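Asks: Output the structure for:
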Amino acid sequence: MKVKNYVWKLGLVLFFSGSLNAQEYKIQVQNSKDGKLTLKQFPGDLPIEGYSGNEIIITSDYSSKPPERAKGLKAVYAEGTDNTGIAVSVEKNGNEITLKSLLPIYKRAKYKIKVPENFRIKIESECGNSGEVEISDIKNEVEVKNCHDIKLKNVSGPLVLSTISGDVTIVFSELSKDKPISLASISGDIDITLPSKSGIDLEMGTVSGAFYSDFDLYSTDKKLKQVGGSKIKTQLNGGGVAFKITNISGNIYLRKS
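Replies: Here you go, the predicted structure:
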């Protein structure tokens, strides 16, 4: 019984200490289709969640206690000015917001972002400082340039995604008809789940991987297969959204939801 009580109390201490260390910064916006959030150079893994509110909420475990000699001074970063208190620079132009992490490559902090679900999302990350990007519940365009895994859930597109060394995993809630979709990976699998009645003009190409699907695929491209790779052009459910998937060293999986 004493052991159980100790474990329970220890869990509470860890939970509340983690809660106390977390910091939030909020930005008031309109939850509309003209909103755009651009994220630059965030370190490590970056989870982003859409919701029905009117604020961008940044949560971070970042903390930096300045030395005594810095009393009355503020930290200076090479990449910009920290106007949030969590080593992030915010620029606001109407309903377009740019967030840039100011941390140097040798420092780490965890960030989590909630964003109005109708916003467009754009993420730019350098390879040396980035991690996995995970986005859920966004009803507008998502553009990600990354070097590691990209995971999207409950999205509708349009999408422009590329990664150098990571898997791309997407689960669509529905498919937007506004703009084409482009997915690319150099080294990693691409795994896509679509509603079974999605109408798309599909083009898939891979150099050293293979295609797997439970859709009834047939090729409309009568040309011979490329040497060292393969390519498929086809239509699903009569065609519709231009949907292009390119991979170099990895498989492509296309699934029905």
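Asks: can you give me the strands in the stretch 1-150 of the chain?
Replies: 23-28, 36-40, 44-51, 55-60, 88-93, 96-101, 111-116, 120-124, 130-136, 142-146, 150-155 (DSSP state E, counting those that start in this stretch).
Asks: and residue 194, which of the ones you listed is closest to it?
Replies: strand 150-155 (11.2 Å; CB to CB). (Glycine included, C-beta is placed from N, CA and C.)
Asks: Name the residues that touch the closest one?
Replies: 132-139, 142, 144, 159, 161, 163, 166-173 (CB atoms under 8 Å, 6 or more residues apart in numbering).
Asks: Parallel or antiparallel, which strands does it pair with?
Replies: strand 130-136 (parallel), strand 168-172 (parallel) (DSSP bridges).
Asks: Which strands or helices does the helix or strand following the last one pack on?
Replies: Scanning forward in sequence from strand 168-172 by DSSP states H and E, the next helix or strand is strand 181-187. Using 3 or more CB pairs under 8 Å, 6 or more residues apart in numbering; DSSP states H and E as the contact criterion, the neighbours of strand 181-187 among helices and strands are strand 159-165, strand 168-172, strand 241-249.
Asks: what's the closest of those to residue 118?
Replies: Among the helices and strands packed on strand 181-187, the nearest to residue 118 by CB to CB is strand 159-165 (15.6 Å).
Asks: List the buried residues for the closest one?
Replies: Within strand 159-165, the residues that count as buried by 16 or more other CB atoms under 10 Å are 159, 160, 161, 162, 163, 164.
Asks: and the second one, what is it in contact with?
Replies: Okay, so that is residue 160. Residue 160 neighbours (CB under 8 Å, 6+ apart): 141, 142, 143, 144, 181, 182.
Asks: quick check, nearest of these to residue 198?
Replies: Residue 198 lies nearest to residue 181 out of these, by CB to CB, at 10.5 Å.
Asks: Please name the bridge partners of that closest one.
Replies: When bridges are called by DSSP bridges, residue 181 pairs up with residue 243.
Asks: residues contacting it?
Replies: 157, 158, 159, 160, 241, 242, 243, 244.
Asks: cutoff 6 Å now
Replies: 157, 158, 159, 243 (CB atoms under 6 Å, 6 or more residues apart in numbering).
Asks: With residue 63 instead?
Replies: So residue 63 contacts nothing (CB under 6 Å, 6+ apart).
Asks: Now do the same for it: its pLDDT.
Replies: pLDDT for residue 63: 81.
Asks: Distance check, it against residue 94.
Replies: In this structure, residue 63 and residue 94 are 32 Å apart, going by CB to CB, to the nearest Å.
Asks: try residue 188
Replies: If you measure residue 188 against residue 94 using CB to CB, the figure is 36 Å.
Asks: What of residue 123?
Replies: In terms of CB to CB, residue 123 sits 20 Å off from residue 94.
Asks: what about these two, which has more around it?
Replies: Neighbour totals were compared for residue 123 and residue 94, and residue 123 leads with 22 against 10 (other CB atoms under 10 Å).
Asks: Surely that one touches residue 37?
Replies: No: at 9.0 Å, residue 123 does not count as touching residue 37 under the criterion of CB atoms under 6 Å.
Asks: Give me the common contacts of those two.
Replies: With CB under 6 Å, 6+ apart, residue 123 and residue 37 have no common neighbours.
Asks: quick one on the thing from earlier: and of the contacts of residue 181, the nearest to residue 211?
Replies: The closest of the contacts of residue 181, once distances to residue 211 are taken by CB to CB, is residue 243, at 13.6 Å.
Asks: what residues are up against residue 149?
Replies: 132, 166, 167.
Asks: May I ask which of those residues has the most neighbours?
Replies: residue 166 (22 neighbours).
Asks: My understanding was that it contacts residue 148; is that so?
Replies: Yes: counting by CB under 6 Å, residue 148 is a contact partner of residue 166 at 4.1 Å.
Asks: so who does residue 208 touch?
Replies: Residues near residue 208 by CB under 6 Å, 6+ apart: residue 249.
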